[in-house]
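Colleague: turn this into a model:
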Amino acid sequence: MDLAVFETLSKIFDADANIRGNAEKQLQTLQSSPEFPVSLARLSLSQELAIPQRQLAAVTLKQYIESHWSSKNEKFVGPEPPEEIKQTVRDLLLRGLTDPDTKIRVASAYAVSKVAHNDWPEDWPNLFNVLLDLIKSSNSNDVHGAMRVLTELISNDITVEQFPQIAPVLCPQLLAILTNDAQYSLRTRGRAVSIFRNCLEMVFMIKEDHANAAEQFLTPIMPQWIEVFLAILKHQTQGDEERRLEEYGLKLEVVKCINMIIIAVPKFISPLLPQLFEPVWMDLLDLRSRYINEFVTDGGEANGSFQDSDGDIIGFESLLYAQFEFIVAASRKKSMKAIFLGQDGNADFLKEMLWVTMSYMQMTEEQVEMWLTDANQFVADEEDDTYTYNVRVAAVDLLTALELRFPKEFFPALGHAVQRHLGDSNASRAAGNSDWWKIQEACLMAVGRTSEELIQALQDKDAPVNFDLAGLFEHVVLENMKLTEFPFAQGRAFVFASEYAQVLPTNLAEQYVRAAVEALKTTDGTIPVKISALKALNNFCKHLDPQFISAYQTPIMEGSCQLLPYTTEESLLLVLETLTAAIKINKEVTASYESVLVPSLLEVWKNHPSDSLLASYVLDLFDDLAKNEIMYVSLCSKILPYMREVLISGIPEMPMLASAIDMVAGLARGGPSPLLPEFVDQFFPPLMHVLWTVNDNEVLQSGQQCLKTFIGKDSAHLVQWRDQSGKSGLQYVVEFVAKLLTPDHSESEALFVGDLIVKLIQKAGNDIGPVLPDLLNVIISRLTISKTPSFIQSLILVFAHLINTQMETVVQFLVSVNIEGRNGLDILLPVWCENHDSFSGFYALKVSSIALSKLFLLNEPRLQSINVKGDIIVPAGGRIVTRSQSKQSPDQYTTIQVPIKIVKLLVSELNNSPNAENQGADEEFAESGDEEDGEWEDEDESPFVPADEFAFLSGK
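Modeller: Predicted structure coming up:
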């Protein structure tokens, strides 16, 4: 078997495609043999084979374990090997942990970790003891292999119950490895720290329930670890560049561990933070010049990382992230306040810290090169809430954290640091350094990102802050706006000015807006300048008084529309966001530009049918345009025929269909009531055809929302409208509702059907009177099989609304319902009571609560006989329950009567809704009942009458 496996593996990478294909097929056949994993394990350990061949066997074994070892694995395909084979493989894998070759140890460790995830401790009880013996060994190879496994084991597989037995014997051995720098590599010592950090994470998880045990475990060991950490942080390798980089890896693990200690068990480290802070700060200061020389300076060669023997990338950028995080955490502790602010409160160290932080905020040369050609990446990376993470972003996070921690002292210190940098930058410029602008850009970014806080501080009449913002504008911003040869500096000046738009003098505001508009419209402008001009104009439109910017509204819209065909993804979203802000400045100006604006936006919408985020931006734009009564009729005359063609064209893109329906719904919401006749006459027929023939979640949900708006705005037109056979629009809607309520449609497809029914009752109660009982009967029937909370909420709110207006009639109807021997109350109330506290939205909760309170006050005897789920029954002893145990023994609940449950729900809601928080919510309630008209249609008589015309609802 070993020979067959070896020969097959040897052919896997053969240059001949036929040989390679046959070998792959043969390998699949061999995998069904129980001996296959044993052969792979033996081949990986064979000292007679070359390392690449052994490594291939080990990698193949790892893949086999993932797909065959246990049916619990996500990638399991089978067959699973018998237990005696597994035991043989486990024994062989442990031998691989001590192999002389690093690659084989790493591959074996990975395989051991995969097996352990399934087998330890039940089927592999001696694994931890074997690993413990290995890390006690004097052989560094043994320690290395075992540490690789322990890293995964402690991180992913150890349980709360196992931790008290494992940690006390493991942590002393880890500390012994960490302190033995003569025998063990920096990487192995770093793994010891990483495993200890995982132990601390476990302590953090259990300390609330087992405080004494955590205290007893940590008290004797923490001083020893922190003492070693301090020595490591203070050490500086000299002369050996590779070892120095590897030392960064060890320091990274130490700082990450210290950060975990601050979070998990701060009392053990808070008094020692000043001692630990000093070497971290010195490293940060020392790395500053290296970072600038290698990453920021034009022509610098980045040499801040290398690949260690395990294949891991070690670099000082990761160390910087951990150091920034440490500074943030340390700054929040009382013991550090005197260091940052000084004994006399002069905040000298805070000034120095901000000076260093802004140094790390400079653009790297790699970023400059990338952003000059990639507009989307520039937009994505420079967003305030960017998903990108790099040193620049991390430094900004540190800056904002320091502002939050020291709000009074921050801005004077920032001003001091900015002036220092500007002086250095001017000197660098005079010396001919081409990178002089980068620190100025970073300074403006720092002051710009804290604009709201600085404006507030400057306007504080009691204690105005000392910060020369006017000087910054006069000497830096105005000057940098002219720097066409330095596009990032020019662009940052635009953005910075817009961030302070609220406090700009009128003459300066108009000057900056004009400059940004010119930069946007110029044909030879670079990507950074145009993108920055868009950002600036977006801010100006939002924050400046319309009188200062209305003269530039047309150029802003024109410049933005010109960019629409040439931008994509993030940059296109920015253009649309700028347009959204611009069209709100002056309705007359916007209406005059409609002939260009609307076709341009429709072209964008048509060209990106599957981009839901982009579509939402375009839809928001059209929603805002629909609120402009000057252009509303003309807008509808262009949009409605266009969207009608989309619906009748039979396009396959479902997101585009849904988006078309959403756009028309938005037009309807923004318009008058009743709607323009074209909404029902032109758009309603193809809409109903699509909703009846398409089974797509998005389309059906959008259709429900659109019909809800049509009914709310113009129910009379739907009642009067007839097709060629004489069928009314209302009848179409009711049939669609009935279809959605059948079990054939998923809960997701019918997600808003309850809202649609409520609107039907509100606006067309008399017209649907004959069918309403059967409709409600179908709702009750659907509740018996419903699972999704949001769908259940939608259905229950139909009855909540009815109970709030016709309670006794509704209760009598529910009593008369009979579904498999249960009446409507027996079905509705248990589901209602179980889901009420998970309802989303204040309006929904309030409608539900009022209805429940009315049911309680009704004092209906039949409610007393209905039992519902009460409180959870807590197991005796309060022992921690694992996931597998919870599946075998689900949570148990008491049963209580409905009136008692209602009281509990209302009391709970009252406790969770303080009066102070409800003031704004009351306004929401007033506005949310009906966005078109808050009144329910008056009823001359009960709608609960026989239903002949709509008998299909009840299956008659």
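Colleague: look up the closest residue to Thr88, ignoring the ones flanking it.
Modeller: Leaving aside its sequence neighbours, Thr88 sits nearest to Val38 (C-beta to C-beta, 6 or more residues apart in numbering; 5.3 Å). (Each C-beta comes from the backbone N, C-alpha and C, glycine too.)
Colleague: low pLDDT regions in the chain?
Modeller: Low-confidence segments of the chain (pLDDT under 70): 300-314, 874-891, 913-956.
Colleague: okay, now Val733: neighbour count?
Modeller: When neighbours are counted by other C-beta atoms under 10 Å, Val733 registers 27.
Colleague: where do the strands sit along this protein?
Modeller: For the chain, strands defined by DSSP state E occupy the ranges 305-307, 313-315, 867-873, 892-897.
Colleague: picking up where we left off before, my read: the residue nearest to Thr88 touches Lys86, true?
Modeller: No. The criterion here is C-beta atoms under 8 Å, and Val38 misses it with Lys86 at 9.7 Å.
Colleague: show which residues not belonging to stretch 322-341 make contact with it.
Modeller: 252, 255-256, 258-259, 262-263, 266, 270-271, 273-274, 276-277, 280-281, 283-284, 347, 349-350, 353, 394-395, 397-398, 401-402, 405-406, 409 (C-beta atoms under 8 Å, 6 or more residues apart in numbering).
Colleague: now the buried members of the residues you listed.
Modeller: Among the contacts of stretch 322-341, those scoring as buried are 252, 255-256, 258-259, 262, 270, 273, 276-277, 280-281, 283-284, 347, 349-350, 353, 394-395, 397-398, 401-402, 405-406, 409 (criterion: 16 or more other C-beta atoms under 10 Å).
Colleague: restricted to helices, list the residues you listed.
Modeller: Among the buried ones among the contacts of stretch 322-341, the members falling in helices (DSSP state H) are 252, 255-256, 258-259, 262, 273, 276-277, 280-281, 283-284, 349-350, 353, 394-395, 397-398, 401-402, 405, 409.
Colleague: next, the contact list for the residue most central in space within the chain, please.
Modeller: Taking C-alpha atoms, centre = their mean, the centroid of the chain lies closest to Tyr387, which sits 9.2 Å from it. Going by C-beta under 8 Å, 6+ apart, Tyr387 touches Ala380.
Colleague: from Ala375, how far off is it?
Modeller: 17 Å (C-beta to C-beta, to the nearest Å).
Colleague: ok, Leu573 next?
Modeller: Separation of Leu573 from Ala375 (C-beta to C-beta): 11 Å.
Colleague: of these two, who's got more company?
Modeller: Per other C-beta under 10 Å, whichever of Leu573 and Ala375 has more neighbours is Ala375, with 24 against 19.
Colleague: burial check on Arg429, number of neighbours?
Modeller: Neighbour number of Arg429 under other C-beta under 10 Å is 14.
Colleague: kindly report the same for Leu9.
Modeller: Leu9: 21 surrounding residues under other C-beta under 10 Å.
Colleague: grab the nearest non-local neighbour of it.
Modeller: Among residues not flanking Leu9 along the chain, Leu56 sits closest, at 5.5 Å (C-beta to C-beta, 6+ apart).
Colleague: wait, doesn't Ala375 sit right on Leu534?
Modeller: No. Using C-beta under 8 Å, Ala375 makes no contact with Leu534, being 9.9 Å away.
Colleague: how close does Val115 get to Ser849?
Modeller: For Val115 relative to Ser849 (C-beta to C-beta), the value is 54 Å.
Colleague: looking at the two, which is more packed in?
Modeller: Ranked by neighbour count (other C-beta under 10 Å), Val115 and Ser849 place Val115 first, with 24 against 19.
Colleague: surely the more buried one and Leu94 touch.
Modeller: No. The pair Val115 / Leu94 is not scored as a contact, 10.2 Å apart, by C-beta under 8 Å.
Colleague: export the strands of the chain to a markdown table and tack on mean neighbour count and distance to Leu829?
Modeller: Below are the strands of the chain laid out as a markdown table (neighbours: other C-beta atoms under 10 Å; distance: least, C-beta to C-beta, whole Å):
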| stretch | mean neighbour count | distance to Leu829 |
| --- | --- | --- |
| strand 305-307 | 13 | 64 |
| strand 313-315 | 17 | 60 |
| strand 867-873 | 13 | 6 |
| strand 892-897 | 12 | 10 |
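Colleague: now render these as a markdown table, adding distance to Leu61.
Modeller: Formatted as a markdown table, the strands of the chain follow (distance: least, C-beta to C-beta, whole Å):
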| stretch | distance to Leu61 |
| --- | --- |
| strand 305-307 | 24 |
| strand 313-315 | 25 |
| strand 867-873 | 46 |
| strand 892-897 | 45 |
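Colleague: quick one: which of those strands is nearest Gln705?
Modeller: strand 867-873 (31.9 Å; C-beta to C-beta).
Colleague: which residues touch that closest one?
Modeller: Counting by C-beta under 8 Å, 6+ apart, 829-830, 833-834, 891-898, 900-901, 904 sit against strand 867-873.
Colleague: can you report how many residues lie near Asn911?
Modeller: That count, for Asn911 with other C-beta under 10 Å as the rule, works out to 8.
Colleague: and for Leu3?
Modeller: 9.
Colleague: can I get stretch 250-262 in PDB? Just the C-alpha atoms.
Modeller: What follows is stretch 250-262, C-alpha atoms only, in PDB (Å, rounded to 0.1, in the frame of the first residue of the first chain):
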ATOM      1  CA  LEU A 250       8.200  38.400  20.100                       C
ATOM      2  CA  LYS A 251       7.400  42.000  21.300                       C
ATOM      3  CA  LEU A 252       4.200  41.900  19.300                       C
ATOM      4  CA  GLU A 253       3.000  38.800  21.200                       C
ATOM      5  CA  VAL A 254       4.000  40.400  24.500                       C
ATOM      6  CA  VAL A 255       2.200  43.700  23.800                       C
ATOM      7  CA  LYS A 256      -0.900  41.800  22.600                       C
ATOM      8  CA  CYS A 257      -0.800  39.800  25.800                       C
ATOM      9  CA  ILE A 258      -0.500  42.900  27.900                       C
ATOM     10  CA  ASN A 259      -3.500  44.400  26.100                       C
ATOM     11  CA  MET A 260      -5.400  41.200  27.000                       C
ATOM     12  CA  ILE A 261      -4.400  41.600  30.700                       C
ATOM     13  CA  ILE A 262      -5.600  45.200  30.700                       C
END
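Colleague: any idea how far the nearest residue to Met147 once chain neighbours are set aside is from Asp283?
Modeller: Leaving aside its sequence neighbours, Met147 sits nearest to Arg191 (C-beta to C-beta, 6+ apart; 4.5 Å). As judged by C-beta to C-beta, Arg191 and Asp283 stand 21 Å apart.
Colleague: ok, now Ala213?
Modeller: 35 Å.
Colleague: how about Ala493?
Modeller: According to C-beta to C-beta, Ala493 stands 34 Å off from Asp283.
Colleague: tell me the contacts of the nearest residue to Gln162 once chain neighbours are set aside?
Modeller: Leaving out its chain neighbours, the residue that sits closest to Gln162 by C-beta to C-beta, 6+ apart is Pro121, at 7.2 Å. Residues in contact with Pro121 (C-beta under 8 Å, 6+ apart) are 127-128, 162.
Colleague: may I ask which of those has the most neighbours?
Modeller: Each of the contacts of Pro121 was scored for neighbours by other C-beta under 10 Å, and Phe128 scores highest at 22 neighbours.
Colleague: Trp120 is in contact with that residue, correct?
Modeller: Yes. Look at Phe128 against Trp120 with C-beta under 8 Å: they come within range, at 7.5 Å.
Colleague: now the common contact residues for these two.
Modeller: Common neighbours of Phe128 and Trp120 (C-beta under 8 Å, 6+ apart) are Leu153.
Colleague: for Ala15, what are its contacts?
Modeller: By C-beta under 8 Å, 6+ apart, no residues touch Ala15.
Colleague: distance of Thr60 from Pro37?
Modeller: Note on Thr60: its distance to Pro37, by C-beta to C-beta, is 9 Å.
Colleague: could you give the number of residues near Pro789?
Modeller: 14.
Colleague: leaving out chain neighbours, which residue sits closest to it?
Modeller: Counting by C-beta to C-beta, 6+ apart, Pro789 lies nearest to Ser838, which is 5.1 Å off, once chain neighbours are set aside.
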